[in-house]
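Next input, structure requested:
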Amino acid sequence: MAGIGFEIRKILRRDSYLSMFSAYAYAGIIGSGPWVLSILGVLIIGLMSLGRVVPHVLITQFQVTVTHLIAMSLILTGFLQLGFTRYIADRIFEKNTNAILPNFIGAAFITTLLAGMLGLLLALSGFPRQDAVYRILLIANFVVLCNMWIATIFLSGMKNYKSILILYTAGYTIAVLAALLLRKFGLNGLLLGILLGHFTLFSGMLLLILRSYPSDRFIEFDFLRRKRMFLSLIWTGFFFNLGVWIDKYIFWYAPSTGQAVIGIFHASLIYDLPIFLAYLSIIPGMAVFLVRMETDFVEYYQKFYDAVRDGGTLDHIEEMRDEMVGTARQGIFEIIKIQAMAVLIVFVAAPALLRFAGISQYYVSLLYVDVVAAGLQVVFLGVMNVLFYLDKRFAALVLAGLFAGLNLLLSLLSIRLGANWYGYGFSVALLVTVVIGLYWLDRKMTILEYETFMLQK
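Just a heads-up that it's a prediction; the model follows:
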């Protein structure tokens with residue numbers, strides 16, 4: 001399939017500094033664009049509603065509602081994201097593309113059913129003071145978001161990065177415009193605007209899938225059959241998403257750091273702003289991640305396994321293995337190097353950045369810690385990506401579970417230790433997981449031929 005790797009290779013063939021800069025810029029926009037657009041969309045709606053939506057607390061309630069819906073929808077769909085993507089990849093390898101569309105619709109049906117039930121329970125029990133319109137919009141946004149993540153991970157697995165970026169741009173443009181037009185209706189108007197944007201985004205993804213994988217069947221649940229979905233991938237997706245969000249939930253609901261905003265939804269002013277700024281620093285790392293993993297590593301990965309399947313000579317197989325291992329190590333090293341540079345730049349610019357944003361300098365130490373954590377998360381993604389390529393599902397599951405467990409325990413500990421330790425739970429959890437992941441990945445690489453040939457069933 002023609003993915004981002006082919007586009008980047010075409011740019012790099014020009015062999016100039018400008019082409020290299022263009023390739024990394026392209027990868028950074030493609031890799032980071034969707035989540036940057038998500039964050040900016042919600043922020044722009046809030047900023048442009050100041051003075052128009054009264055009282056101002058309604059804007060905060062809107063942003064907190066959307067943030068919680070995003071977090072819950074990612075954790076819930078984490079059970080399906082990786083396992084379903086692997087199912088689709090296996091059908092493509094078998095050249096059974098006729099099964100893709102009906103099973104995607106089946107996955108969307110189950111997602112809608114579960115999200116609808118959970119959203120209904122949440123709306124009825126968690127928001128006694130909100131009106132019926134708010135509750136309906138809460139359920140609708142949650143259902144659409146859950147389906148949107150399934151479609152996004154599906155298209156990401158198929159390497160349709162450019163289409164995803166275009167659709168996210170269109171979706172959040174509509175979300176911003178609709179929310180601004182409807183802001184006179186207060187909180188419900190803002191939620192309806194973001195719903196229209198998300199629904200447009202999901203509809204565009206659905207049309208793209210319908211066009212790319214036509215089928216003569218409407219709905220199937222073949223992906224739920226035994227040995228069609230890997231249990232390890234189901235839990236890996238859940239633990240990874242849980243690990244990313246668990247420290248936020250702890251700070252949201254801890255009495256000393258969080259406060260109620262609307263219904264059962266809480267926020268943490270002291271923790272949310274620094275982590276948001278820190279995540280903007282991972283754009284360079286995401287660019288390197290995509291360039292190295294989707295060009296050099298994938299090229300030798302394919303050559304190695306082609307040689308294995310096609311009966312290549314031992315010398316050729318070993319040569320391709322060495323090249324693949326070398327590019328994987330170099331790619332992860334470059335991610336570490338680039339993110340280290342980004343961390344240093346943020347360390348220097350942090351006080352001025354906080355002043356520009358109108359944020360107290362008391363946040364600067366927490367921002368430092370969060371920037372390091374965000375950089376480690378990019379390295380963790382690189383390690384997990386290589387493990388998935390090598391089909392080391394058990395190792396990926398252990399690392400995801402370790403990350404979630406450590407983040408939970410260490411974040412709770414940081415709350416007890418006091419404000420000087422805030423953020424260290426997330427950072428140390430990622431540091432320990434990354435170190436173990438790098439060691440484990442290195443061991444797997446050294447015995448790759450043995451596991452490839454001797455452990456097949």
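
Tell me if I'm right that residue 361 and residue 350 touch.
No - applying C-beta atoms under 8 Å as the test, residue 361 and residue 350 come out as separate, 9.0 Å apart. (Glycine included, C-beta is placed from N, CA and C.)

who's more crowded, these two?
When residue 361 is set against residue 350 and neighbours are counted by other C-beta atoms under 10 Å, the residue ahead is residue 350, at 20 against 11.

just checking, what packs against the helix or strand hosting that one?
Counting by DSSP states H and E, the element that carries residue 350 is helix 314-357. Secondary structure elements in contact with helix 314-357, counted by 3 or more C-beta pairs under 8 Å, 6 or more residues apart in numbering; DSSP states H and E, are helix 269-279, helix 283-291, helix 298-309, helix 364-389, helix 424-446, helix 448-454.

Make JSON lines from these and add distance to residue 254, mean neighbour count and mean pLDDT to it.
Output for the helices and strands packed on helix 314-357, formatted as JSON lines (distance: least, C-beta to C-beta, whole Å; neighbours: other C-beta atoms under 10 Å; pLDDT from 0 to 100):
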{"stretch": "helix 269-279", "distance to residue 254": "9", "mean neighbour count": "20", "mean pLDDT": "82"}
{"stretch": "helix 283-291", "distance to residue 254": "29", "mean neighbour count": "24", "mean pLDDT": "75"}
{"stretch": "helix 298-309", "distance to residue 254": "43", "mean neighbour count": "16", "mean pLDDT": "79"}
{"stretch": "helix 364-389", "distance to residue 254": "15", "mean neighbour count": "22", "mean pLDDT": "88"}
{"stretch": "helix 424-446", "distance to residue 254": "12", "mean neighbour count": "19", "mean pLDDT": "91"}
{"stretch": "helix 448-454", "distance to residue 254": "44", "mean neighbour count": "12", "mean pLDDT": "65"}
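
wait, which of these is closest to residue 338?
In this view, the helices and strands packed on helix 314-357 are compared for proximity to residue 338 by C-beta to C-beta, and helix 283-291 is the closest at 4.9 Å.

Now do the closest one against helix 364-389, angle only.
For helix 283-291 and helix 364-389, the angle between their directions (axes from the mean of the first three to the mean of the last three C-alpha atoms, to 10 degrees) works out to 10 degrees.

Let me know the pLDDT of the residue of the chain positioned farthest from its centre.
Taking C-alpha atoms, centre = their mean, the residue of the chain most remote from its mean C-alpha position is residue 313, at 39.5 Å. pLDDT, residue 313: 78.

and it, how far is that from residue 301?
Residue 313 sits 18 Å away from residue 301 when distances are taken as C-beta to C-beta, to the nearest Å.

got it, and residue 382?
14 Å.

And for residue 418?
As defined by C-beta to C-beta, residue 418 lies at a distance of 47 Å from residue 301.

What residues does residue 335 make contact with?
Taking C-beta atoms under 8 Å, 6 or more residues apart in numbering as the definition of contact, the neighbours of residue 335 are 285, 288-289, 292, 378-379, 382.

which one among these gets closest to residue 131?
When the contacts of residue 335 are ranked by distance to residue 131 (C-beta to C-beta), residue 378 comes first, at 41.8 Å.

OK, contacts around the nearest residue to the closest one once chain neighbours are set aside?
Excluding its sequence neighbours, the residue lying closest to residue 378 (C-beta to C-beta, 6 or more residues apart in numbering) is residue 285, at 3.7 Å. Taking C-beta under 8 Å, 6+ apart as the contact definition, residue 285 lies against 335, 338-339, 342, 375, 378-379.

Take these and write them to TSV, including distance to residue 72.
Formatted as TSV, the contacts of residue 285 follow (distance: C-beta to C-beta, whole Å):
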residue	distance to residue 72
335	29
338	32
339	28
342	30
375	26
378	24
379	27
